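Visitor: fold the following, please.
(one chain, ligands or ions: 1)
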Amino acid sequence: MARYALLSRQLLAASRPCARRATAARCFATASDQPPRTSSSKAPPVKLVEVGPRDGLQNEPNPISLATKLELIEKLAKAGLTTIEAGSFVSPKWVPQMDHSSEILEHLLQKPPTAPNPLTFSFLAPNIKGLNNAFNVLAKNPTSFVASGGGDDGSPQPTTSKPAVEIAVFAAGTESFSQKNLNCSIETSLQRFREVIQAAKETHALRVRAYISVVLGCPFEGYDVDPHRIARIATDLLEMGADEIALGDTTGMGTAPRTKELLTCLGQAGVRTEDVAMHFHDTYGQALVNTAVALEHGIRTFDCSVGGLGGCPYSPGATGNVATEDMVYFMETLGMDTGVDLDAVVDVGAWITKEIGKENASTVGKAVLGARKRTKEAE
Ligand SMILES: CC(C)(COP(=O)([O-])OP(=O)([O-])OC[C@H]1O[C@@H](n2cnc3c(N)ncnc32)[C@H](O)[C@@H]1OP(=O)([O-])[O-])[C@@H](O)C(=O)NCCC(=O)NCCSC(=O)C[C@@](C)(O)CC(=O)[O-]
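Guide: Modelled structure (predicted):
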């Protein structure tokens with residue numbers, strides 16, 4: 001018994017410091033210790049490139065009317081998107097859904113959408129034939145657009161009445177993907193892009209974006225895409241005169257550490273962050289995580305697609321691009337200014353997905369629509 005009494009006294013003594021720790025006053029930073037919050041700090045800008053009308057629709061199996069495509073572009077412009085990828089001058093035998101691209105460009109030049117901000121419309125062109133098809137439309141409407149130039153060269157900037165036009169070429173990060181997507185090797189595609197970039201600049205002073213696909217995973221060669229090869233292709237394209245490199249995680253296989261590794265490798269090769277845009281697909285739900293890594297790295301241009309539409313015809317299993325609604329919401333939570341009206345773009349996502357009979361893949365879009373419905377029911 002005495003033994004138990006001693007033991008309990010010892011336990012009590014041993015527990016005292018613990019009890020003292022638990023009751024001791026804990027120190028927290030309080031509001032008065034914090035620097036006052038100012039509402040005047042200006043949100044840093046981020047550029048969102050809306051790729052829904054091109055990347056979002058190119059893979060749709062059922063024909064989508066020209067009127068629907070134009071309405072989509074108009075609604076996106078009204079919602080505040082300033083750079084919209086509107087079509088693709090590729091072979092209609094390869095990608096039938098992009099067959100309206102000449103009519104789309106013509107319409108946008110003749111009747112530019114009413115929008116709060118100056119607009120830039122971007123079109124893909126894989127070769128001189130595609131570029132010439134775009135040039136035919138531009139030649140018929142020579143005073144309806146401004147040169148997109150590159151921005152720093154004093155060339156005229158787009159206005160709300162005269163949009164700028166931009167061309168995009170698209171290389172691949174692996175030989176297998178290049179063959180499937182372009183029917184040629186990486187080297188041959190680069191020779192073609194040199195001609196396209198030169199002609200786009202010399203003839204109409206157009207800004208040129210250069211995609212590199214499958215930078216973080218290839219549907220045919222797997223996860224291990226060599227970042228040094230991507231860096232070499234990127235520097236080749238920049239030396240040819242490309243104004244921007246858009247790094248495409250076509251398969252959505254990218255992860256945070258490999259996104260960081262890729263961007264570090266490009267930086268070591270001399271590619272400036274201001275010349276890089278990120279194009280994430282959300283197949284594995286990693287797009288916003290990877291976006292955060294890229295933001296941290298200094299990248300400020302991101303592609304997205306309303307309603308999370310998208311997929312590449314030559315990347316089996318790849319789902320949509322990161323949704324514009326999710327990207328806008330994410331940037332807003334970080335205090336970054338996208339210039340896009342979230343509510344308006346949620347409406348566009350709901351409309352286009354219904355119009356083409358697809359599920360709305362935007363998590364934020366669905367959450368906002370659900371919240372609106374509950375508010376209405378409660379009234
Ligand atoms: C590059 C080609 C044309 C080569 O295709 P090819 O069959 O090797 O070309 P060709 O020169 O032998 O020509 C074949 C036929 O196509 C015509 N042709 C040739 N070029 C054009 C053109 N520009 N526009 C219209 N027609 C064209 C050409 O005139 C000929 O017609 P035919 O004599 O048989 O009647 C073909 O492979 C092609 O169109 N590929 C495009 C594939 C594509 O659009 N993929 C999706 C875009 S990339 C993407 O989505 C990824 C991205 C950008 O979003 C980023 C990411 O997520 O990673």
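
Visitor: how about the residues of the stretch 101-250 of the chain that lie near the ligand?
Guide: 126-127, 129-130, 133, 170, 181-183, 211, 213, 248, 250 (C-beta under 6 Å from any ligand atom). C-beta: built from backbone N, CA, C; applies to glycine.

Visitor: so which of those residues are in strands?
Guide: F170, Y211, S213, G248 (DSSP state E).

Visitor: turn these into a markdown table, including distance to P142 and neighbour count.
Guide: Conversion of those to a markdown table gives the following (distance: C-beta to C-beta, whole Å; neighbours: other C-beta atoms under 10 Å):
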| residue | distance to P142 | neighbour count |
| --- | --- | --- |
| F170 | 27 | 23 |
| Y211 | 28 | 24 |
| S213 | 33 | 25 |
| G248 | 32 | 28 |
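
Visitor: contacting residues for R258?
Guide: Shown in contact with R258 (C-beta atoms under 8 Å, 6 or more residues apart in numbering): L216, Y223.

Visitor: and with 6 Å instead?
Guide: L216 (C-beta atoms under 6 Å, 6 or more residues apart in numbering).

Visitor: one more: the one 4 residues further on?
Guide: For L262, the set of contacting residues under the criterion of C-beta under 6 Å, 6+ apart consists of P227.

Visitor: tell me if it really is in a strand.
Guide: No - going by DSSP: H, G, I helix; E, B strand; the rest coil, the assignment for L262 is helix, not a strand.

Visitor: and stretch 83-96, what's buried?
Guide: T83, I84, E85, A86, G87, S88, F89, V90, V95 (16 or more other C-beta atoms under 10 Å).

Visitor: need the contact partners of the host helix or strand of the second one.
Guide: Looking back up the chat, that one is I84. Element membership of I84, judged by DSSP states H and E, is strand 83-88. Contact with strand 83-88 is made by 49-51, 53-54, 73, 76, 98, 101, 104, 120-124, as judged by C-beta under 6 Å, 6+ apart.

Visitor: quick one on the thing from earlier: for the residues of the stretch 101-250 of the chain next to the ligand, which one is nearest E239?
Guide: Closest to E239 out of these is Y211 (16.5 Å), distances taken as C-beta to C-beta.

Visitor: so what's the closest one bridging to?
Guide: F170, A246 (DSSP bridges).

Visitor: is it true that G317 lies in a strand?
Guide: No - counting by three-state DSSP, G317 is located in no strand; its state is coil.

Visitor: tell me the phi and psi of it?
Guide: In terms of degrees, to the nearest 10, the main-chain angles of G317 are phi 90, psi -10.

Visitor: neighbours of it, just the number please.
Guide: By other C-beta atoms under 10 Å, the residues close to G317 number 9.

Visitor: over to R229?
Guide: Using other C-beta under 10 Å: R229 sits among 16 other residues.

Visitor: same question for E377.
Guide: 7.

Visitor: am I right that it sits in a helix?
Guide: Yes - under three-state DSSP, E377 sits within a helix.

Visitor: so among the buried residues of stretch 83-96, where is pLDDT lowest?
Guide: The member of these with the lowest pLDDT is V95, and it reads 94.

Visitor: what's near enough to touch that residue?
Guide: Q58, P313.

Visitor: from L238, how far out is it?
Guide: In this structure, V95 and L238 are 27 Å apart, going by C-beta to C-beta, to the nearest Å.

Visitor: again, but for S144
Guide: Distance from S144 to L238, by C-beta to C-beta: 30 Å.

Visitor: for the ligand, what's the nearest residue on this protein?
Guide: Proximity of the chain to the ligand (C-beta to the nearest ligand atom) peaks at G248, 2.4 Å away.
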